[in-house]
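Chemist: any chance you can model this:
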Amino acid sequence: MKESENLMSETIKISAKPADCCGCDEYEVHENLLQIVNETLPDETTLYDLAELFKVFGDSTRIRILYVLFEAEVCVCDLASALNMNQSAISHQLRILKTNRLVKSRREGKSVFYSLADDHVRTILAQGEEHIKEI
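Modeler: Below you'll find the model as predicted:
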């Protein structure tokens with residue numbers, strides 16, 4: 001017997017079936033599957049932090065900034081020029097990206113230069129782009 005068949009063999013049958021049930025005649029709870037889920041599901045803090053991180057990717061201006069930073073370390077003036085936006089709007093978005101550890105900055109004299117915080121940022125966007133291009 002396959003492991004998945006074994007996991008599904010232990011079920012609890014309940015006569016009252018919720019309206020959104022999986023289509024079977026009886027409502028079945030697969031206890032072994034639930035145990036695996038409960039053992040592997042990240043804790044609530046991790047899930048919340050992950051959801052917050054992905055919210056940051058929900059703004060196309062921030063995505064555009066990240067794509068510019070794929071190519072070079074730049075200052076706010078360069079970003080504003082490249083994206084045809086004002087410096088204030090760019091600074092606001094950079095603050096959000098920096099708070100969420102997606103970009104880092106370094107000061108050189110009076111100028112502040114921004115770059116990607118690490119290669120994870122590139123990987124996240126590359127996988128997202130690959131996913132939306134699948135047909």
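
Chemist: so for the longest helix belonging to the chain, what gets flagged as buried?
Modeler: Secondary structure of the chain per DSSP state H: the longest helix is helix 119-133. Neighbour counts using 16 or more other C-beta atoms under 10 Å place 121, 125 of helix 119-133 among the buried residues. The C-beta positions use only the backbone N, C-alpha and C, and glycine is treated the same way.

Chemist: roughly how far does the most centrally placed residue in the chain sit from Gly128?
Modeler: Closest to where the C-alpha atoms of the chain average out (C-alpha atoms, centre = their mean) is Phe54, at 3.5 Å. Distance, Phe54 to Gly128, by C-beta to C-beta, to the nearest Å: 10 Å.

Chemist: kindly report the same for Leu69.
Modeler: Taking C-beta to C-beta, one finds Leu69 at 16 Å from Gly128.

Chemist: distance from the chain centre to stretch 42-60, please.
Modeler: Computed by C-alpha atoms, centre = their mean, to the nearest Å, the chain-centroid distance of stretch 42-60 equals 6 Å.

Chemist: got a list of contacts for it?
Modeler: 41, 62-63, 93, 96-97, 100, 102, 124-125, 128 (C-beta atoms under 8 Å, 6 or more residues apart in numbering).

Chemist: how many other residues sit next to Asp43?
Modeler: Asp43 sits with 8 neighbouring residues when counted by other C-beta atoms under 10 Å.

Chemist: how about the helices in the chain?
Modeler: Under the criterion DSSP H, the chain contains helices at 3-9, 31-40, 44-56, 60-71, 76-83, 87-99, 119-133.

Chemist: so Ala89 touches Arg62, yeah?
Modeler: No. Between Ala89 and Arg62 there is no contact under C-beta atoms under 8 Å: 10.9 Å.

Chemist: how far is the longest helix of the chain from where the chain is centred?
Modeler: With C-alpha atoms, centre = their mean as the basis, helix 119-133 stands 10 Å off its chain's centre.

Chemist: packing partners of that helix?
Modeler: If you count contacts as 3 or more C-beta pairs under 8 Å, 6 or more residues apart in numbering; DSSP states H and E, helix 119-133 packs onto helix 60-71.
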